[in-house]
Every structure is written in structure tokens, then in C-alpha cells.
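A.B. asks: sequence unknown, structure follows:
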């Protein structure tokens, strides 16, 4: 029993997925299928710089899952891994930071990015070509969000090939630039 508490203790436990053709693997291998920035020290408090934790997690490959929290990112990152955002996970990008998704980026229609001055987000359009203006903070059915909506929609139109909006009314107070 004491061996189970060791750093490699999960390697002593087996895992068998339900289903006729499932293959047994160790508990450790199963748990390593999902990597989070918290595995490498991310705090997700919106203040502590979590950049190094994201870079370390991305280096493992596979899919990087970002749990709910506010992640201060003060250095540029190019993600080679697919990145999946849980509801409530927000990257707070510092001044001049660039986040590049070279693989798939997965998120529902919720805010994922809070952009600082001169910061940007780019996508490999072969992996992620469409997404939501809500990723940048667009808010449907919110009359006081006009300037936020314009910024979010314009930013999404620059970053993505196809931009979706959740059903609702989007108040705006200036032009939306369509790159036609």
C-alpha cells in the first residue's frame, strides 16, 4: 500500500475502459492522456505568470486541457498541441504577447481571451478556421457592451476565417470591418 503513495504509484493500478475491445493500460498511462497547466505549476489566479507552465505542458504533446481559471500569460506561446478550454478558462494576455495555435483550439462560445495592448491570437486555419466572437468577450443581449462587442467581433474577424455569434442581439457603437 505504501508503494501506491509513491510518485509512480499510479503505475501499479490498472485501467480497463468499458467495451468489448478495450485494452488494459496502467492508471498512470490513462491519467497522462490529459495534461493541464496545473500539472506544471499554473496558479490560474489572474496575477501569477503562468506562461512557463503552459509551455511545459505543451511540450508533452497530446491535448492540453485548460481548466476553469484566469491565467496570466506574460510571454508569447506557440502551441504545438491541441488545446481544449473548459468553461471559465481565460487567458489574460499581457502587453505585446502573441499566442499562436498551430494545432486545434477547442472551446465553446465563452470568453477565452482577455487581450492586453498590442497582444494577439493567431490560428493555423488548417486546424482551427472557425470560432466565436465570444472567445474575445462579445456579449449578446447586453446593451452596455457595445464597445466590447465591436472590439471582440473585429478581433475575431481578423483571426478566423469564419466567425460565429451566439443567437441574440449584439449592440455595437462603431463599424464592424468585414475582410471581404
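C.D. replies: Great, that's in hand. If you're wondering where the values come from, they're calculated on a predicted model, not measured in any experiment.
A.B. asks: number of nearby residues for residue 174?
C.D. replies: Counted with other Cβ atoms under 10 Å, residues neighbouring residue 174 total 11. C-beta coordinates here come from the backbone N, C-alpha and C atoms, glycine included.
A.B. asks: what about the helices in the protein?
C.D. replies: Remark: helices assigned in the chain by DSSP state H are 27-31, 51-58, 146-159.
A.B. asks: show me what the last one is packed up against.
C.D. replies: Using 3 or more Cβ pairs under 8 Å, 6 or more residues apart in numbering; DSSP states H and E as the contact definition, the elements that helix 146-159 packs against are strand 120-123, strand 130-132, strand 162-164.
A.B. asks: what would those strands look like in JSON lines with mean pLDDT and distance to residue 36?
C.D. replies: As requested, the helices and strands packed on helix 146-159 are exported to JSON lines (pLDDT from 0 to 100; distance: least, Cβ to Cβ, whole Å):
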{"stretch": "strand 120-123", "mean pLDDT": "97", "distance to residue 36": "20"}
{"stretch": "strand 130-132", "mean pLDDT": "96", "distance to residue 36": "21"}
{"stretch": "strand 162-164", "mean pLDDT": "94", "distance to residue 36": "27"}
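A.B. asks: would you reformat the ones you listed as TSV and include distance to residue 66 and mean neighbour count?
C.D. replies: Shown next, in TSV, are those (distance: least, Cβ to Cβ, whole Å; neighbours: other Cβ atoms under 10 Å):
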stretch	distance to residue 66	mean neighbour count
strand 120-123	14	19
strand 130-132	15	18
strand 162-164	20	15
